[in-house]
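Colleague: Sequence plus the predicted model coming up.
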Amino acid sequence: MHGYVSRFAENEISGALSRSPAVAILGPRQCGKSTTARMLLENIPSVYLDLQDRVDRNKLSEPELFFDRYRDRLVCLDEIQRLPDFFSILRSEIDKDRRPGRFLILGSASRDLIKQSSESLAGRIAYIDLTPFLIKEVAIVSSWSDNWLRGGFPESVLSNNDHDSFEWRLNFIRTFMERDIPNLGFRIPVPVIERLWMLLAHNHGQTVNYHKLAAATDISIPTLKKYLAILEQTYMIRLLQPSETNLKKRLIKSPKIYLRDSGILHTLLDIEKYDSLLAHPIAGASWEGFVLENIITEHDRWKPSFIRTSNGAEIDLLLERGRRRQIFECKLSKAPKPSRGFHELIESVNPESAWIIAPVDETYELKKKIFVSSPADLKPI
């Protein structure tokens, strides 16, 4: 694993450990959780257990004795989804001693899949979602174009060349289907999840048509929704919900689906080179998903949604927090021109500002409160 880690994530985790008895870092496998944790622990008295390792799991066969021995250290438990019933034991231990920074928990599944944590550790745990690298996190070692092509997984974006990056992602996809999903307790036939994932890649950035997807994968709609939930809760896809804003217009009600990592998307579509990406019909939708993932992840306290009216007017992303609203539109063009429908929706939504995210060289104001910016130059709201 590359030793490069995000300083932004490191600072966030350190802050959470100073406030909470337990901190859970959740995110997809291979996104850098273990590397980040190990670098954090270098200067902290600590003990690290990898729960994928049988020897390390056996050390917790008598957890009270283990915790008594290491009570003066930070205990890091990696791949906690392997022992979901362990949270009730953690709760008892934390209640004996609620000082901050006792446990660092790493997991390759969302808190919804690790249900015991929310039930047993309520008020005792802070959650941090660690995603593959964002543009700003690898800006000093990678261009945004490489980040877009290869995605944000450390081993992919920091590979020596495009071929090695592509091969790593092929292996990641195979391992995820054959090992990771079964390890979470799901029995999904590999050909079915492979077919579904491929269909989702071809439908990236589009509204979900459950009937069409279910028919194409030869499964029922309830089974399809279950499989989509699994992919969502393992951080592989994002279902972006339509806005609930009352605009006195007829709005599309189905969610839009995105593969969260652009590199995984491109691998499923057999796109290995940047020139091939620019020439591919998916390029515009891929750019949209790449940009939105960066924006949504960096603004995790804002509610994300999209707007599409029945007559085709659309806004790619609406962020809301209380009464505040921000709008984002993605254009894969050096001279982006928003549509007439975009301007009409801005008048209806009345945001603080609107942003058109495009591969431009510098930020500029297109019209009053409407700005054009590259994803690398976009500052947090």
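Modeller: Nice, I can see it. Numbers count the residues shown, from 1 in each chain.

Colleague: residues contacting residue 266?
Modeller: 149, 150, 151, 169, 272, 277, 286 (CB atoms under 8 Å, 6 or more residues apart in numbering). For every residue, glycine as well, the C-beta is placed using N, CA and C.

Colleague: Assign it to helix, strand or coil.
Modeller: Put simply, residue 266 is helix when judged by DSSP: H, G, I helix; E, B strand; the rest coil.

Colleague: residues in contact with whichever strand or helix holds residue 226?
Modeller: Using DSSP states H and E, residue 226 maps to helix 221-233. With contacts defined as CB under 8 Å, 6+ apart, helix 221-233 is touched by 109-110, 112-113, 181, 184, 186, 188, 192-193, 196-197, 200, 208, 210-211, 213-214, 217, 219, 237-239, 257.

Colleague: Longest helix in the protein, please.
Modeller: When every helix of the chain is counted residue by residue (DSSP state H), the longest turns out to be helix 283-298.

Colleague: Restricting to C-alpha, output that helix in PDB.
Modeller: Taking C-alpha atoms only, helix 283-298 is exported to PDB below (Å, rounded to 0.1, in the frame of the first residue of the first chain):
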ATOM      1  CA  ALA A 283     -17.500  11.100 -20.700                       C
ATOM      2  CA  GLY A 284     -20.000  13.800 -19.900                       C
ATOM      3  CA  ALA A 285     -21.900  11.600 -17.300                       C
ATOM      4  CA  SER A 286     -18.500  10.400 -15.900                       C
ATOM      5  CA  TRP A 287     -17.400  14.000 -15.400                       C
ATOM      6  CA  GLU A 288     -20.700  14.800 -13.700                       C
ATOM      7  CA  GLY A 289     -20.300  11.900 -11.300                       C
ATOM      8  CA  PHE A 290     -16.700  12.700 -10.600                       C
ATOM      9  CA  VAL A 291     -17.400  16.300  -9.800                       C
ATOM     10  CA  LEU A 292     -20.500  15.600  -7.700                       C
ATOM     11  CA  GLU A 293     -18.700  13.000  -5.600                       C
ATOM     12  CA  ASN A 294     -16.000  15.600  -4.700                       C
ATOM     13  CA  ILE A 295     -18.600  18.200  -3.800                       C
ATOM     14  CA  ILE A 296     -20.900  16.000  -1.800                       C
ATOM     15  CA  THR A 297     -18.200  14.400   0.100                       C
ATOM     16  CA  GLU A 298     -16.600  17.700   1.100                       C
END
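
Colleague: distance between that helix and the chain's centre?
Modeller: Helix 283-298 has its C-alpha centroid displaced from the chain centroid by 11 Å (CA atoms, centre = their mean, to the nearest Å).

Colleague: what sits opposite the closest residue to residue 244 other than its chain neighbours in the beta ladder?
Modeller: Residue nearest to residue 244 in three dimensions, not counting chain neighbours: residue 305, with 7.2 Å by CB to CB, 6 or more residues apart in numbering. Counting by DSSP bridges, residue 305 is bridged to residue 318.

Colleague: The one 4 residues further on too?
Modeller: Taking DSSP bridges, one obtains residue 251 as the residues bridged to residue 309.

Colleague: cool, and the one 5 residues further on?
Modeller: With DSSP bridges as the criterion, the beta-bridge partners of residue 314 are residue 308.

Colleague: you'd agree residue 47 is in a strand?
Modeller: Yes: the secondary structure assignment for residue 47 places it in a strand, going by three-state DSSP.

Colleague: what sits against it?
Modeller: Taking CB under 8 Å, 6+ apart as the definition, contacts of residue 47 comprise 70, 73, 74, 75, 76.

Colleague: can we see that at 6 Å?
Modeller: Contact analysis of residue 47 by CB atoms under 6 Å, 6 or more residues apart in numbering lists 70, 73, 75.

Colleague: and the last one, what helix or strand is that in?
Modeller: Meaning residue 75. When elements are defined using DSSP H and E, residue 75 is found to belong to strand 74-78.

Colleague: For that strand, name the packing helices and strands.
Modeller: Strand 74-78 makes packing contacts with strand 46-50, strand 103-107 when contacts are defined by 3 or more CB pairs under 6 Å, 6 or more residues apart in numbering; DSSP states H and E.

Colleague: Any chance of these in TSV with distance to residue 137 as columns?
Modeller: Compiled in TSV, the helices and strands packed on strand 74-78 are given as follows (distance: least, CB to CB, whole Å):
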stretch	distance to residue 137
strand 46-50	23
strand 103-107	18
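
Colleague: deepest of the ones you listed, which one?
Modeller: Sort the helices and strands packed on strand 74-78 by mean neighbour count, taking mean count of other CB atoms under 10 Å, and strand 103-107 sits at the top with a mean of 24.
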